[in-house]
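Peer 1: Give me a 3D structure for the following:
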Amino acid sequence: MNVRNRHDAIVRSLRRSGSSTVEALAGEVGTSRRTVIRDIGALREQGFVIHTECGRGGGVQLDPGSVQTTARLSVTEVFALLISVAAMRAAGSLPFSDLADAGLAKIEKALPRDKVADLRRFLDCLYVGQVSPLQDLSDTGKIDPDLLPAFEAGFLQRLHLRFRYRDAKGRQSQREVEPQAMLILPPLWYLVAWDPLRCDFRHFRMDRISQPEVVKDAPFRRRHVPFEDDVCPYSQLP
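Peer 2: So this is what the prediction gives:
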């Protein structure tokens, strides 16, 4: 049982029974007494009001009105917030940018250190720019919500992505590529990937990608994306 699931199980147990003991909680979640004590400390930091009494007859009680006051967000959720803010800023539609940046900084501080490292590696793959005024936006569609978690695994673990792709002429194809970057030209979002079959970079509009899946037995190396010379001319995008 991971830390988050263990914390949730402890809170559920205390809400259900009203009170318990450290030993009983340790047996319920399958860990040591010392770990449960650390978990209780962590839950208090998250805002839960937990009372403990030592000695015979003592135990652990959760205040019935107690609620979590700190956010527990995954790297993908924080990344979604960051790229949304970045996209709005690029589009010139972020009037309270200072407050947004301050709020995101607080959220980042709430993440475990290893998750912050993952987040920064993820952000290294993000590029935001301006869409060409000549770009045809009439056929812009919705992005599959399964894309972001697939991208997290693909980018962080350097694994191939396989998906169905519909090009500008409506032709369908099955693609397997190395995800190298994300390009946001509001309102268009692109996956920039190395295509092994074509030995070149390709840009895939995310609203044309469907059925994404991670190919877990196919790691790849990080490549330099040449955005300095050619950010993304509209005429060359599929």
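
Peer 1: Could you use CA atoms for every contact and neighbour count after this?
Peer 2: Noted.

Peer 1: what comes up buried for whatever helix or strand D217 lives in?
Peer 2: Assessed by DSSP states H and E, D217 sits inside strand 209-219. Neighbour-count burial for strand 209-219 flags 209-210, 212-215 (criterion: 16 or more other Cα atoms under 10 Å).

Peer 1: Same question for stretch 5-16.
Peer 2: Buried residues in stretch 5-16, counted by 16+ other Cα under 10 Å: 6-7, 9-11, 13-15.

Peer 1: Filter the residues you listed down to just the ones in strands.
Peer 2: Among the buried residues of stretch 5-16, no member is found in strands (DSSP state E).

Peer 1: Tell me which two of these sit farthest apart.
Peer 2: With Cα to Cα as the measure, no two of these lie farther apart than R6 and R15, at 14.3 Å.

Peer 1: Which one of the buried residues of strand 209-219 is nearest to R34?
Peer 2: The shortest approach to R34 among these belongs to V214, at 37.6 Å (Cα to Cα).

Peer 1: Please export the C-alpha coordinates of the strand holding D217 as PDB.
Peer 2: Output of strand 209-219 as PDB, limited to C-alpha atoms (Å, rounded to 0.1, in the frame of the first residue of the first chain):
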ATOM      1  CA  ILE A 209      -4.800  11.800 -31.500                       C
ATOM      2  CA  SER A 210      -6.900   9.000 -30.100                       C
ATOM      3  CA  GLN A 211      -6.400   5.700 -28.300                       C
ATOM      4  CA  PRO A 212      -3.000   6.700 -26.700                       C
ATOM      5  CA  GLU A 213      -1.100   4.000 -25.000                       C
ATOM      6  CA  VAL A 214       2.400   3.700 -23.600                       C
ATOM      7  CA  VAL A 215       4.800   1.000 -25.000                       C
ATOM      8  CA  LYS A 216       6.500  -0.100 -21.900                       C
ATOM      9  CA  ASP A 217       9.200  -2.200 -23.400                       C
ATOM     10  CA  ALA A 218      10.600   0.400 -25.800                       C
ATOM     11  CA  PRO A 219      12.800   3.100 -24.100                       C
END
